[in-house]
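>>> My questions are about this predicted structure, shown below with the sequence.
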Amino acid sequence: MVLDADALNLLASDATLFSLLPPYSILTPHPKEFERLFGSSSDDFARLQLASEQAKKHQCVIVLKGHYTFVAMPGGKGYFNSTGNPGMAKGGSGDVLTGILTALLSQSYAPGEAALLGVYLHGLAGDLAVAGWSPESMLPSDLTDCLGAAFRQIAAYGSMDPNSIL
């Protein structure tokens, strides 16, 4: 299951709902949504530690969206994404990510793999899009327009296994 936007707001309004989440659900908050879910942090490092703690506590994958998106795994590990750019910091870009994650889950990727691969693909599509548009003029639809090229670029590595490209 992938939770974004209003689903995260519902969780933030009633913490008992966490117990209803299937194990390994993927939560995709931006920093303000993360704060509503888990409380404020004194600095970025503390926020990353909190994300890791909460992923472990709730047995979920937390995709903390930002300049270098951080993926916190239920086992305690965390990963920074190396793709993406400021042109993606627009309303609707997170919806594209949610669609990518849901599509990968429907193709039987494990939740952790789907999160890592999905975040990487999303950012790579953004990097390909910014080459054709400026960061200021990019739209979320530009990400979807470049998604096929992002998949082809990853396929050139010879595998869609997140461990082989990250």
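Yep, that arrived.

>>> Let me see the ranges of the helices in the chain.
Secondary structure of the chain by DSSP state H: the helices cover 6-13, 31-38, 44-58, 93-106, 111-132, 140-155, 162-165.

>>> Highest mean neighbour count out of these?
helix 111-132 (a mean of 22; mean count of other CB atoms under 10 Å). Quick note: C-beta positions are derived from backbone N, CA and C, even for glycine.

>>> And the average pLDDT for it is what?
The predicted model gives helix 111-132 an average pLDDT of 97.

>>> State the distance from the residue minimising distance to the centre of the chain to Gln54.
In the chain, the residue lying closest to the centroid (CA atoms, centre = their mean) is Val63, at 4.0 Å. With the distance defined as CB to CB, to the nearest Å, Val63 ends up 12 Å from Gln54.

>>> Just the pLDDT at Ala156, thanks.
86.

>>> low-confidence ranges in this structure?
For the chain, applying pLDDT under 70 flags the ranges 158-166.

>>> hmm, back to that, now the helices of the chain as TSV including distance to Tyr68?
TSV is the format used below for the helices of the chain (distance: least, CB to CB, whole Å):
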stretch	distance to Tyr68
helix 6-13	20
helix 31-38	12
helix 44-58	10
helix 93-106	14
helix 111-132	9
helix 140-155	17
helix 162-165	17
